[in-house]
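Enquirer: quick one: sequence and predicted model below, then my questions.
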Amino acid sequence: MPDLSGIGVSAGVAAGPLLRIAAAPALPPPAPVTDAGAEVDRAFAALAEVVAELGRRADRASEATVAEVLRAEALMADDEELRDAVREQIEDGTDAPHAIAAAFGTFREMFAEAGGYLAERVADLDDLRDRAVAVLLGLPMPGVPQPGHPYILAARDLAPADTADLDPSQVLALVTEVGGPTSHTAILARALGLPAVVACRGVLELPEHTKVQVDGATGLVEIGDFTVRRAAHAAKSELTGPGATSDGHAVKLLANVGSAKNVPAADEAHAEGVGLFRTELLFLDRTAEPARDEQVTAYREVFRGMAGRRVVIRTLDAGADKPLPFLNQDGEPNPALGVRGLRVARQRPEVLTTQLAAIAAAAADTGADVWVMAPMVSTLTEAAGFAAAVHEAGLPRAGVMIEVPAAALRARDLLGVVDFLSIGTNDLSQYTFAADRMCGDLADLLDPWQPALLQLIAICGEAGRESGKPVGVCGEAAADPALAPVLAGLGIGSLSMSPRAIPAVRASLARYTYDECRRLAELAVAAPDAASARKIVG
Amino acid sequence: MPTRTVAVGSASGLHARPAKIFVEAAAKAPVKVTIRVGEKKPVPARSMLSVLALGAKQGTEVILEADGDGADQALDGLAALLAKDLDADDA
């Protein structure tokens, strides 16, 4: 069998047997029912096994919210109305698998008709049905395999629901058929310190238990008689101090957080502060803007937890993939290019004013060094307007995110009116390459190693060097250990990422001198394509 | 028959976490409790799927009914639970 290749999105080499996420079972042809009582027992036992399995998963889940979702799902399968419907179907002569499918089908129809939140739960019902049918057919339940030995996980793509159940002590590496460098799989792999290859065509055609070796840097998936081995784990590094190159050039390692709940993880990773505090969580699912006091409470919790350290808080980043009901943003023909981020302030300036006032009130007396930045800024006028609003609210440090090529090209001008820049590489890729972040087929264009993207980052880094003002990166690129020395060499002074990625990035930076970083950066920007750029560091 | 009419207090409606808390409480009640919205068919309050399918949002008035010993007490408890915001972290 020929070797396969895809895009390496999380470095490291591991080998082991490849197992797929089991697909949903197909319903067998209908069978006659001879003993209705026994058939009902069989169906109920299958449902009970599904409930028990969800309960076991909930017990194993390390996060309370995940456990709660699983328990709510278990409750949906442990339902007397559902069992009544199954019994009726079987007593009418339907076999157990079809009776279960029909019983879930009734609720499915009701959920789909109701629309909104309930329509989204249809997938949960389908999952429960597939699990029960798999039990009846003696097949593995669909989802992440639990073979009881280490293995390499293959899937079309990983959904957040799959990852809740993924046991990092058993999974050696991840390989997916679709997806890109900013896909959920890539983010997860880096968070767990697992090698990962995405957009690997043909991986699902390999027989189960095929032995493969996965190189998460080069994207190569080799087939052969490899001994099982776990990737040497940079994340296990004993280094803890502030981020720096081997000769002591400082690169601050900061955490991305969404609420005070993430602060303990940031502390555990010895984060030097918060480089991206996303404030959308508070606003999601709201029909009205959260009151100032409610905002103050939420922000203060994070600021208190970070006393003595820097916290870069981002004002509301609504729109595009994060529409907010209270802003009535429905109906934009192209939301990614529409009224999002700071642009919302054109129509609803009071939302920003209230938020800035809340941040200022929350920051008082917490001891945190609070910096404020705006998302989706394109022009000097927008940046100057935002900086003025921040300073007027009594906050000392105003910055803007660099997500639009227009802003990157004018980084020097922007640093004339703001105090710092933070590059959001995910959106900067999307807008530079005109490639939708959600579009798996264009994953190669969204690769953070694309030289054109690195060149835009270089413009910002250079502007930072000249002005002496901080320029950081807070997109997924910041979590790529191999890219860290390149970014440092480009003049980036801070990297902000999910806390779990920090140890590996810290270890990677410590392997290079600052001069080496600058040389790698020059070579990477000059490379003809992303794969060549990546090889320079490899 | 003892009846309580109550407006759903949870921000996200009678979904997800609030629905789970309510259904679990209803399952513990000593009497069979039904829940309905307006004149629609009453459904068992201990059935998660049926409760979800009501599609009750924040502010939707739901009617709880039960009969037998302890019905009033059970309904009071469940009505109070529905009126609270079960999405809040301290709920």
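Expert: Alright, I've got the coordinates.
Enquirer: in chain B, where is pLDDT below threshold?
Expert: B:88-91 (pLDDT under 70).
Enquirer: tally of neighbours for the residue in the stretch 301-450 of chain A that chain B sits nearest to?
Expert: Scanning the stretch 301-450 of chain A for the residue nearest chain B gives residue A:301, at 11.4 Å (criterion: Cβ to the nearest Cβ). All C-beta spots, glycine's among them, are computed from the backbone N, C-alpha and C. Neighbour count for residue A:301, taken as other Cβ atoms under 10 Å in any protein chain shown: 16.
Enquirer: in the helix or strand harbouring residue A:84, which residues are buried?
Expert: Per DSSP states H and E: residue A:84 is located in helix A:80-91. Using 16 or more other Cβ atoms under 10 Å in any protein chain shown as the test for burial, helix A:80-91 gives A:81-83, A:85-87, A:89-90.
Enquirer: quick revisit: that's a helix at the residue of the stretch 301-450 of chain A closest to chain B, yeah?
Expert: Yes. Using DSSP: H, G, I helix; E, B strand; the rest coil, the secondary structure at residue A:301 is a helix.
Enquirer: isn't residue A:407 right up against residue A:375?
Expert: No. In this structure, residue A:407 is not within contact of residue A:375 by Cβ atoms under 8 Å, at 10.8 Å.
Enquirer: picking up where we left off before, list just the nearest of the buried residues of helix A:80-91 to residue A:213.
Expert: For the buried residues of helix A:80-91, the closest approach to residue A:213 (Cβ to Cβ) belongs to residue A:82, at 45.3 Å.
Enquirer: what residues are up against the closest one?
Expert: Residues in contact with residue A:82 (Cβ atoms under 8 Å, 6 or more residues apart in numbering or on different chains) are A:47, A:76, A:103-104, A:107, B:47, B:49.
Enquirer: re earlier: out of the buried residues of helix A:80-91, who's nearest chain B?
Expert: Once Cβ to the nearest Cβ is applied, the member of these that ends up nearest chain B is residue A:81, at 4.1 Å.
Enquirer: which ones are touching the closest residue to the closest one other than its chain neighbours?
Expert: Spatial nearest neighbour of residue A:81, chain neighbours left out: residue B:47 (4.1 Å); criterion: Cβ to Cβ, 6 or more residues apart in numbering or on different chains. Counting by Cβ under 8 Å, 6+ apart, residue B:47 makes contact with A:79-82, B:23.
Enquirer: recalculate using a threshold of 6 Å.
Expert: A:79-81 (Cβ atoms under 6 Å, 6 or more residues apart in numbering or on different chains).
Enquirer: against residue A:457, how distant is it?
Expert: 55 Å (Cβ to Cβ, to the nearest Å).
Enquirer: ok, residue A:414 touching residue A:383?
Expert: Yes. At 4.9 Å, residue A:414 and residue A:383 qualify as touching, with contact defined as Cβ atoms under 6 Å.
Enquirer: and the strands in the stretch 351-500 of chain A, which stretches?
Expert: A:369-374, A:397-402, A:420-423, A:471-473, A:494-497 (DSSP state E, counting those that start in this stretch).
Enquirer: could you dump those strands to JSON lines with distance to residue B:82?
Expert: Converted to JSON lines, the strands of the stretch 351-500 of chain A look like this (distance: least, Cβ to Cβ, whole Å):
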{"stretch": "strand A:369-374", "distance to residue B:82": "40"}
{"stretch": "strand A:397-402", "distance to residue B:82": "42"}
{"stretch": "strand A:420-423", "distance to residue B:82": "44"}
{"stretch": "strand A:471-473", "distance to residue B:82": "47"}
{"stretch": "strand A:494-497", "distance to residue B:82": "42"}
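Enquirer: pick the most buried one from the ones you listed.
Expert: strand A:471-473 (a mean of 30; mean count of other Cβ atoms under 10 Å in any protein chain shown).
Enquirer: helices or strands next to that strand in the packing?
Expert: strand A:420-423, helix A:451-467 (3 or more Cβ pairs under 6 Å, 6 or more residues apart in numbering or on different chains; DSSP states H and E).
Enquirer: so which of those comes closest to chain B?
Expert: Of these, nearest to chain B by Cβ to the nearest Cβ is strand A:420-423, at 29.6 Å.
Enquirer: that closest one - contacts with which helices or strands?
Expert: strand A:397-402, helix A:451-467, strand A:471-473.
Enquirer: present those as TSV; the columns should include mean pLDDT and distance to residue A:290.
Expert: Below are the helices and strands packed on strand A:420-423 laid out as TSV (pLDDT from 0 to 100; distance: least, Cβ to Cβ, whole Å):
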stretch	mean pLDDT	distance to residue A:290
strand A:397-402	98	22
helix A:451-467	97	32
strand A:471-473	98	27
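Enquirer: a markdown table for these, including distance to residue A:535?
Expert: Formatted as a markdown table, those follow (distance: least, Cβ to Cβ, whole Å):
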| stretch | distance to residue A:535 |
| --- | --- |
| strand A:397-402 | 27 |
| helix A:451-467 | 12 |
| strand A:471-473 | 21 |
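Enquirer: just so I know, which of the ones you listed lies nearest residue B:77?
Expert: With Cβ to Cβ, the closest approach to residue B:77 among the helices and strands packed on strand A:420-423 belongs to strand A:397-402: 49.3 Å.
Enquirer: domains of chain A?
Expert: A:4-21+A:143-232, A:36-137, A:241-313+A:362-537 (automatic domain parsing).
Enquirer: give me the common contacts of residue A:407 and residue A:375.
Expert: Contacts common to residue A:407 and residue A:375, judged by Cβ under 6 Å, 6+ apart, are absent.
Enquirer: list the buried ones in the longest helix seen in chain A?
Expert: Assignment by DSSP state H gives helix A:36-60 as the longest helix of chain A. The neighbour-count check on helix A:36-60 (16+ other Cβ under 10 Å) flags A:39-40, A:42-44, A:46-47, A:49-51, A:53-54, A:57-58 as buried.
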